[in-house]
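Enquirer: Fold the following.
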Amino acid sequence: MNGGSLSILGLDITEERAYRHFLRNPGTGTEDIGVLLHSPREEVEKALARLDELGLLRTEEHGVSAAAPETAVERLTEIRLRELHEQLHQVTRSRHLIAELTAEQQTRPLATQGIERLEVLRQIRDRIDDLAFFARQEILSVEPYTALTAENIAHARPLDTRCLRRGVQIRSVVLREALDHPPTVAYLRELTAQGASIRAADTLSERILVYDRRTALVPVDPSDTSRGALVTQQAGLVSNILALFEKIWAESTDLSTLIDTHTAPSDVLSEMEQRVMEEMCRVAKDETGARNLDISVRTYRRHVADVLRILGATSRPHAALLARERGWI
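Expert: You can find the predicted model right below:
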């Protein structure tokens, strides 16, 4: 069978194979068709539903039959041409992108003005990512958040890890209240294990980011970050911001003295939780782990949730990483 030749008309492999099957076997049923097509049942059901929506299959009294080839090709061609026409229409209307891209270009006038103002959250995030990516020596930060979301951590981890592996020194001061949030603490521990230096302060109002002691980013209004951020390379301003950072750093407490980073697993995990953690790191499916431990899937998943909570992990891969770092597995 020459599967895939209808892909140019918008059908995927499973849809095409299902159409060809009923073309060869008109009036047959849909039972066990997944076995015939060697595809998961849900994938086949989705394919059959789309073929029915496209009018390429019809249900008759004794089973399902395929539309005639000339009808199918004509219908698919009409739909595909309509899609291509719409795409072409969108492309011809894309000149508005010039203004948007020009705005991106104009967000870097530091060399001539010395201070740049960013007012759009996406631009601020992009600039922070760029500055971190190109940092060579040191990143300093004061961040008064009370908790990091899973999205925050997932976004920050690749850049933070890349910087630390390249030998960039990271010093960060966070709000002590953030240490009450297990996922946040877990990520801070993860960073310190990779070489970052982190301290906590009882109160913080400042928000500071300094890259290579050369470029600083601060909010326009520390009490209202929605008003945007300022980026500067003016030596005098950066020097004053560095002095403020060092003052906050000196008055803060090292993370290691505030949290116990050497808790033995026997102190926090039951025997079953320890076994579940080991299975969780070894097998991908809950059903397999539960079967290996001779417990129900529901009980296994409850223990997994407890392990994640104890570790302060945001996901199972994160839990495996933390467990290995602590020597628990």
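
Enquirer: hey, where'd the helices end up in the stretch 101-250 of the chain?
Expert: Assigned by DSSP state H, counting those that start in this stretch, the helices in the stretch 101-250 of the chain fall at 110-113, 121-134, 150-165, 182-193, 235-250.

Enquirer: Mean neighbour count, those: which tops it?
Expert: Relative to the other members of the helices of the stretch 101-250 of the chain, helix 182-193 carries the highest mean neighbour count by mean count of other Cβ atoms under 10 Å, namely a mean of 20. Yep, even glycine has a C-beta here, placed from its N, CA and C like the rest.

Enquirer: by contact count, what packs against it?
Expert: helix 150-165, strand 169-175, strand 197-201, helix 255-258, helix 316-325 (3 or more Cβ pairs under 8 Å, 6 or more residues apart in numbering; DSSP states H and E).

Enquirer: now those in JSON lines, with distance to residue 115 and mean pLDDT?
Expert: Formatted as JSON lines, the entries for these read as follows, by distance: least, Cβ to Cβ, whole Å; pLDDT from 0 to 100:
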{"stretch": "helix 150-165", "distance to residue 115": "24", "mean pLDDT": "88"}
{"stretch": "strand 169-175", "distance to residue 115": "24", "mean pLDDT": "96"}
{"stretch": "strand 197-201", "distance to residue 115": "27", "mean pLDDT": "95"}
{"stretch": "helix 255-258", "distance to residue 115": "33", "mean pLDDT": "86"}
{"stretch": "helix 316-325", "distance to residue 115": "38", "mean pLDDT": "81"}
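
Enquirer: want to throw these into JSON lines with distance to residue 240?
Expert: Below are these laid out as JSON lines (distance: least, Cβ to Cβ, whole Å):
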{"stretch": "helix 150-165", "distance to residue 240": "25"}
{"stretch": "strand 169-175", "distance to residue 240": "17"}
{"stretch": "strand 197-201", "distance to residue 240": "19"}
{"stretch": "helix 255-258", "distance to residue 240": "26"}
{"stretch": "helix 316-325", "distance to residue 240": "38"}
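
Enquirer: right, and the ones you listed - which one's nearest residue 284?
Expert: In this view, the helices and strands packed on helix 182-193 are compared for proximity to residue 284 by Cβ to Cβ, and helix 316-325 is the closest at 9.3 Å.
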